[in-house]
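*Asks:* Build the 3D model from these lines:
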Amino acid sequence: MNVIASTVSLSVDDVPASARFFESHLGFREVVSGDGFVWLGRDDAAVDIVVRQRDAVRPPGSGIGGRTDMIVTFAVVGLAAEHERLRREGAAITTPLHQKPWGEWRLCLTDPNGVVVQLAEWTPPSGA
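*Replies:* Numbering: from 1, shown residues only. So this is what the prediction gives:
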């Protein structure tokens, strides 16, 4: 198998609100849009994101795996500077910047539809 691209599809109630969140705070741009969806991309190694209208017929949790919890994680460099930028922009930082014992720095944002976006940067712990 040779994977040449990846896409995460998010089912949300308010497609434009999620699209604006990913565009304004995370640097995504609209690639294409249609009735009930927006396809977002970046020019780096980030996965593409398709934000689509939640199916009103199926209740949340009835999809594949029966789960609605979603965390989209991006590995980045310069996370402290990104944290400051996001804070200045008024992004919904729901887990402040912190370091895990194994050396990973992370913070979480939440979009208007409840999608959690985790930004992470690996820094070896002191003494490692």
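
*Asks:* now stretch 95-115, how far from the chain's geometric center?
*Replies:* Stretch 95-115 sits 11 Å away from the centroid of its parent chain (Cα atoms, centre = their mean, to the nearest Å).

*Asks:* what's in contact with that stretch?
*Replies:* Stretch 95-115 is contacted by residues 10, 12-14, 17-18, 21-22, 25, 70-72, 79-80, 83, 86, 91-94, 116-125, 128 when judged by Cβ atoms under 8 Å, 6 or more residues apart in numbering. Yep, even glycine has a C-beta here, placed from its N, CA and C like the rest.

*Asks:* For the lowest-mean-pLDDT helix or strand in the chain, output the C-alpha coordinates as CSV.
*Replies:* Within the chain, no helix or strand scores below strand 71-75, which has a mean of 87 by mean pLDDT, DSSP states H and E. Only the C-alpha atoms of strand 71-75 are listed here, as CSV (Å, rounded to 0.1, in the frame of the first residue of the first chain):
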residue,chain,number,x,y,z
ILE,A,71,-9.5,14.6,18.6
VAL,A,72,-7.5,15.9,15.6
THR,A,73,-3.8,16.1,16.5
PHE,A,74,-1.2,18.1,14.6
ALA,A,75,2.5,17.7,15.5
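
*Asks:* helices or strands next to that strand in the packing?
*Replies:* strand 116-122 (3 or more Cβ pairs under 8 Å, 6 or more residues apart in numbering; DSSP states H and E).

*Asks:* could you say what helices and strands the strand it packs on packs with?
*Replies:* Using 3+ Cβ pairs under 8 Å, 6+ apart, strand 116-122 sits against strand 71-75, helix 79-89, strand 104-110.
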